[in-house]
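[1] here you go, sequence then predicted model.
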Amino acid sequence: MSTDADTAHFSREAIEKAREPKELFWINGASHDDLYDGEKYVPIAIAKLTEFFREHSSESRQSRATA
């Protein structure tokens, strides 16, 4: 989402309340709706989500295995 999107304040509020791991990732020029079906922006969002979940899913599995 773009830092100047109408809904950007929701993202800022959510990230403040979220527990770790967390990351606020902005896609400049994208609106909220562009992240659902914008051909230019969806691949960027999917790549970032994939990277984040791969990294943090493995951390979660490791911490459960050692607990």
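    That came in fine, so what should we check first?
[2] show me where pLDDT drops low in this protein?
    1-2, 59-67 (pLDDT under 70).
[3] what about the helices in it?
    According to DSSP state H, the chain carries its helices in the segments 8-17, 34-37, 42-66.
[4] save those helices as a markdown table, and put in mean neighbour count too.
    All C-beta atoms are positioned from the backbone trio N, CA, C, and that covers glycine. Supplementary listing: these in a markdown table, determined by neighbours: other CB atoms under 10 Å:
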| stretch | mean neighbour count |
| --- | --- |
| helix 8-17 | 11 |
| helix 34-37 | 14 |
| helix 42-66 | 11 |
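[5] a markdown table for these, including distance to Trp26?
    As requested, these are arranged in a markdown table below (distance: least, CB to CB, whole Å):
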| stretch | distance to Trp26 |
| --- | --- |
| helix 8-17 | 8 |
| helix 34-37 | 11 |
| helix 42-66 | 10 |
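[6] for Phe25, find the nearest of those helices.
    Comparison of those against Phe25 by CB to CB identifies helix 42-66 as nearest, at 5.2 Å.
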